[in-house]
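Trainee: with the input below, show me the fold.
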Amino acid sequence: MSVLKKAGTALAAAMLLAGSVAVTARADGDIIAVSDYDLTAAGPTCLGSNLADLTADAMHWYAGKNGPYKKADFAWVSEAVFTGSIPAGEISEAAIRNAIAEDAVMVEIKTTGGQIMRALEATVANVPEADPDFVTPANLAYVIDMSQPGIPADERYSEKKSKILGLDTLDDDENMSWIENYRVVLDAGSLAYLPNLLEEDATMVVEQENGVSLREIVTAYLRDGLKGTVTEVYADEHGDGRILVVSPSEVIFDEENNSYEYKLRTEIKDDKGIYWIAVPEDKLSRKLQGIIGNRLYRGSFRVKFNGSEEDIVCAQTRYNVIIPVTEPSGSFTLAYNEIIGNTGNLLILLAGMAVFGLIIGITVLVNRAGSRRQSKYNSRRR
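Mentor: Okay, here's the model as predicted:
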């Protein structure tokens, strides 16, 4: 099942010196890249930021191209790493040093999906309050719903309990497995407050003393990965949506008008224009129930707010439709842009029917052949 609208990552070309782990030293005056956007990390806000997105992407990109790292499945970086922002315009190494802590180093571990899920739940313990332990991932996307109780210590992941919903590894468009092993690169500081991450036969692939500075990694990514130009992927100061934080809300479905009424139970702040509300499947209209998790449906939910002419694509988890809102209350309608009978699903149905028909045909032929043999055998006996 598709869990989230995938946030694009700007993973690009190889290093100029293949296999090199060193980043060429440059003078403070040298320009590494240019950006049309401020790369912001004004403080640990649990709102996400484009500088955190870029740094996490840089870590994932670097691990795939440079020893001693292996090709990590994903990366994450904590907000404690950031000491400032990078203004729009020309970016120098001095600007990077101003934005990222000097002692921030990238390590790599190999551990189970279950350990990672529990660790990620620990990083969101204070959402939406400011928290330096909050992390931003790369090649990973999920929804945070603080109204959930969390994973019990003696149970596996359940989206009906976990605060982390729709945990998606973007390479294979699959939900993270509890028992599979994954490689993750992260800032070494994260391990200090997530000691349980290294339990259950976890392996340190790259120790802190062998790790590369995040300053060097971001420099390499800007210069060689992005070819000196910060792309539009990083235009939004609050990040590209790889993490969505669900706000407390009330949602009511009006069956007579086929519309939904919502009201946020949180104060809207001036510094963040979009909030996210969750509509659980049991509150969807009858027409829309049964779509979430159904492989025959390959489209997406779309929301249209009262008074608006355009509709907006929604995210979804295993149980919820996640809707962006900008007002403290309002009404909207929900639709699905592809139903059984549309081209993609029709082809699937036709293919299934063809296979079923072939099986039936073969079965009939086999039965007829058996009947003929039995008739001949009976004739000989007579």
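
Trainee: okay, now the unreliable bits of the stretch 51-200 of the chain?
Mentor: 172-173 (pLDDT under 70).

Trainee: tell me, what residue is most central in the protein?
Mentor: residue 141 (1.0 Å; Cα atoms, centre = their mean).

Trainee: separation between it and residue 260?
Mentor: Between residue 141 and residue 260 the distance is 25 Å, computed by Cβ to Cβ, to the nearest Å. The way it works is simple: take the backbone N, C-alpha and C, and place the C-beta from them, glycine included.

Trainee: hang on, the earlier thing: what packs against the strand or helix carrying the residue nearest to the centre of the chain?
Mentor: Assigned by DSSP states H and E, residue 141 falls within strand 140-145. Judged by 3 or more Cβ pairs under 8 Å, 6 or more residues apart in numbering; DSSP states H and E, the packing partners of strand 140-145 are strand 164-169, strand 243-246, strand 275-280, strand 320-325.

Trainee: and the gap between residue 287 and residue 334?
Mentor: As judged by Cβ to Cβ, residue 287 and residue 334 stand 9 Å apart.

Trainee: next secondary structure after the helix or strand residue 119 falls within?
Mentor: In the assignment (DSSP H and E), residue 119 maps to helix 113-123. Next in sequence after helix 113-123, counting helices and strands by DSSP H and E, comes strand 135-138.

Trainee: who does that following strand pair with, and is each partner parallel or antiparallel?
Mentor: Strand 135-138 sits in its sheet next to strand 74-78 (antiparallel), going by DSSP bridges.

Trainee: quick one: the closest residue to residue 266 other than its chain neighbours from residue 265, how far?
Mentor: Spatial nearest neighbour of residue 266, chain neighbours left out: residue 247 (4.9 Å); criterion: Cβ to Cβ, 6 or more residues apart in numbering. Distance from residue 247 to residue 265, counting by Cβ to Cβ: 8 Å.

Trainee: ok, the two, which is more surrounded?
Mentor: Remark: of residue 247 and residue 265, residue 247 carries more neighbours, 20 against 11, as counted by other Cβ atoms under 10 Å.

Trainee: wait, isn't that one in contact with residue 263?
Mentor: No - between residue 247 and residue 263 there is no contact under Cβ atoms under 8 Å: 10.7 Å.

Trainee: what is the burial count for residue 114?
Mentor: Using other Cβ under 10 Å, residue 114 is surrounded by 17 other residues.

Trainee: I'd like the distance between it and residue 229.
Mentor: Distance from residue 114 to residue 229, by Cβ to Cβ: 40 Å.

Trainee: what's near enough to touch residue 191?
Mentor: Taking Cβ atoms under 8 Å, 6 or more residues apart in numbering, we find residue 191 in contact with 107, 109, 197-198.

Trainee: average pLDDT for stretch 255-270?
Mentor: Mean pLDDT, computed over stretch 255-270, is 86.

Trainee: for it, which residues meet the burial criterion?
Mentor: By 16 or more other Cβ atoms under 10 Å, the buried positions in stretch 255-270 come out as 259-260, 262, 264.

Trainee: does anything pack onto the helix or strand containing residue 216? Which helices or strands?
Mentor: According to DSSP H and E, residue 216 maps onto helix 214-220. Helix 214-220 sits against helix 50-63, helix 93-99, strand 105-112, with contacts defined as 3+ Cβ pairs under 8 Å, 6+ apart.

Trainee: most tightly surrounded among these?
Mentor: Stretch with highest mean neighbour count among the helices and strands packed on helix 214-220: helix 50-63 (a mean of 28; mean count of other Cβ atoms under 10 Å).

Trainee: just give the closest residue to residue 299, not the sequence neighbours.
Mentor: Using Cβ to Cβ, 6+ apart and skipping the chain neighbours, the partner closest in space to residue 299 is residue 338 (2.8 Å).

Trainee: what bridges to residue 31?
Mentor: Taking DSSP bridges as the rule, residue 31 bridges to residue 92.

Trainee: that one: what's it in contact with?
Mentor: Residues near residue 31 by Cβ under 8 Å, 6+ apart: 90-92.

Trainee: try it again with 10 Å
Mentor: Residue 31 makes contacts with 89-93, 95, 222-223, 228, as judged by Cβ atoms under 10 Å, 6 or more residues apart in numbering.

Trainee: picking that back up, out of the contacts of residue 191, which one sits closest to residue 253?
Mentor: Distance to residue 253, by Cβ to Cβ, is smallest for residue 197 among the contacts of residue 191, at 40.7 Å.

Trainee: what's near enough to touch the nearest residue to that closest one once chain neighbours are set aside?
Mentor: The shortest distance from residue 197 to any non-neighbouring residue, by Cβ to Cβ, 6+ apart, is to residue 119 (4.6 Å). Counting by Cβ under 10 Å, 6+ apart, residue 119 touches 76, 111, 135, 164, 184, 186, 190-191, 193-198.

Trainee: any residues in contact with both of residue 287 and residue 334?
Mentor: residue 258.

Trainee: related to what we said a few turns ago, farthest-apart pair in the buried residues of stretch 255-270, please.
Mentor: Farthest apart among the buried residues of stretch 255-270 - using Cβ to Cβ - are 259 and 264, which lie 17.3 Å from each other.

Trainee: from residue 231, how far out is residue 100?
Mentor: To residue 231, residue 100 is 20 Å away according to Cβ to Cβ.

Trainee: so for those two, which sits in the more crowded spot?
Mentor: Neighbour tally, residue 100 and residue 231, criterion other Cβ under 10 Å: the higher count belongs to residue 100, 26 against 15.

Trainee: run through the bridge partners of the more buried one.
Mentor: Applying DSSP bridges to residue 100 gives these bridge partners: residue 82.

Trainee: hang on, it packs against residue 189?
Mentor: No - contact between residue 100 and residue 189 fails when scored by Cβ atoms under 10 Å: they sit 11.8 Å apart.

Trainee: between these two, what contacts are shared?
Mentor: 77, 81.

Trainee: residue 260 in helix, strand or coil?
Mentor: Secondary structure state of residue 260, per DSSP: H, G, I helix; E, B strand; the rest coil, is strand.
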